[in-house]
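> Following is a predicted model, sequence given first.
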Amino acid sequence: MKVILLEDVKALGKKDEIVEVKEGYARNYLFPQKLGVPADNKNLNDVKLKKEAKAQQEAKRLAEAEEMKKKLDEVTVVCRIRAGKDGKAFGSVSTKEIAEEMKKQHELDIDKKKIMLDEPIKALGAYQVQVKLHPQVTAEFTVDVQGE
């Protein structure tokens with residue numbers, strides 16, 4: 001009997017997969033537990049529509065990420081930290097400060113978790129910083145660290 005899984009079932013398959021199972025297993029376990037439904041025309045059509053909607057949403061997210069990448073490629077964010085007379089910085093600039101300054105200066109809201117820094121910036125100067133906007137899209141912008 002063919003069944004469409006509504007949830008991931010260990011050792012059987014993932015959600016929205018069509019699997020072949022014995023009738024007793026489907027009737028006595030999958031259907032009562034709401035883990036699957038029979039693979040009839042209506043249910044197959046529902047799964048197809050769900051997949052199409054999900055693909056459209058993913059395409060929309062990718063387009064939004066590409067648009068944001070175009071904006072970010074032209075951006076320079078200025079961060080100010082305390083520095084000594086010889087240019088040595090006191091403290092550092094982290095992803096949190098970069099995200100806050102981005103919002104203040106350019107009104108672009110970027111999640112600090114998506115900004116990729118190996119370690120906080122601890123010296124004055126200009127740095128290229130990457131942002132992971134989407135699994136397929138990575139943008140890069142300049143962070144200019146200046147002393148106060």
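Nice, I can see it.
> List phi and psi for Ala123.
phi -140, psi 160 (degrees, to the nearest 10).
> Give me the number of neighbouring residues for it.
Neighbour count for Ala123, taken as other Cβ atoms under 10 Å: 13. Using the backbone N, CA and C atoms, a C-beta is placed for each residue, glycine as well.
> Number of residues surrounding the nearest residue to it once chain neighbours are set aside?
Distance criterion Cβ to Cβ, 6 or more residues apart in numbering; nearest residue to Ala123, sequence neighbours excluded, is Ala89 at 5.6 Å. By other Cβ under 10 Å, 19 other residues sit near Ala89.
> what about the residue of the chain positioned farthest from its centre, which SS state?
Distance to the chain centre peaks in the chain at Lys85, reaching 41.5 Å (criterion: Cα atoms, centre = their mean). Secondary structure, DSSP: H, G, I helix; E, B strand; the rest coil: Lys85 is coil.
> tell me the contacts of it?
By Cβ atoms under 8 Å, 6 or more residues apart in numbering, Lys85 lies in contact with nothing.
> and the gap between it and Ile121?
Counting by Cβ to Cβ, to the nearest Å, the separation of Lys85 from Ile121 is 20 Å.
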